[in-house]
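using only what follows, build the 3D model:
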Amino acid sequence: MLSFPTLSFPILNFPTLNPNPESNFGTTSGPTSERLKEQFLYPKARYAGEFTPANLLFDANLQEFAGRVAIVCALESGGKISPLEAYQEIRRLWEALDISRHQLFDEPT
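Next comes the predicted model:
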């Protein structure tokens, strides 16, 4: 079974890149290569729905889920993991997302 780190579903705020690609590299004030790599591997879209803290947090969680599912699918398609392992990992990720949804939106009884 794959071992991904425990999902924390952080809200990441990446800076927008300058349209001139040369200005994004080699400066101390611009994004680092690690940050650029993160942006490429784990892109985050801006939230456009009704703003509430719970909606914003769930959107970040949903984007994290989608990115991880894409990685699992790529690993399975490339033959690195079995279809059963992919299913189990996606199921685990879904359960974590579902728990997050319940914690954010369900009324306490």
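
residue contacts, Ala54?
The contact partners of Ala54, taken as Cβ atoms under 8 Å, 6 or more residues apart in numbering, are Leu104, Phe105. C-betas here are computed from N, CA, C, even on glycine.

make that Gly78, sorry
Applying Cβ under 8 Å, 6+ apart to Gly78 gives no contacts.

switch to numbering from 33
Right, with 33 as the first residue, what we last looked at is Gly110.

for it, grab phi and psi.
The phi and psi values for Gly110, taken as degrees, to the nearest 10, are phi -80, psi 0.

and it, what's its pLDDT?
On the pLDDT scale, Gly110 is placed at 96.

any idea how far it is from Ile103?
Counting by Cβ to Cβ, to the nearest Å, the separation of Gly110 from Ile103 is 11 Å.

count the residues that sit near Leu94.
Using other Cβ atoms under 10 Å, Leu94 is surrounded by 15 other residues.

do Glu70 as well
Close neighbours of Glu70, defined as other Cβ under 10 Å, add up to 15.

try the one 10 residues further on
Number of residues near Ala80 (other Cβ under 10 Å) recorded here: 7.

what packs against the host helix or strand of Ser132?
Using DSSP states H and E, Ser132 falls within helix 115-137. Applying 3 or more Cβ pairs under 8 Å, 6 or more residues apart in numbering; DSSP states H and E, one finds that helix 115-137 makes contact with helix 85-109.

tell me what angle the helix holding Ser132 forms with helix 85-109.
Interaxial angle, helix 115-137 versus helix 85-109 (axes from the mean of the first three to the mean of the last three Cα atoms, to 10 degrees): 180 degrees.

look up how far Lys112 lies from Val104.
As judged by Cβ to Cβ, Val104 and Lys112 stand 10 Å apart.

which one of those two has more residues nearby?
Taking other Cβ under 10 Å, Val104 and Lys112 do not tie; Val104 has more neighbours (22 against 12).

what sits against that one?
Leu34, Ile113, Ala118, Glu121, Ile122, Leu125.

show the pLDDT at the nearest residue to the second one once chain neighbours are set aside.
Nearest in space to Ile113, with sequence neighbours left out and distances taken as Cβ to Cβ, 6 or more residues apart in numbering, is Leu107 at 4.8 Å. The confidence metric pLDDT takes the value 96 at Leu107.
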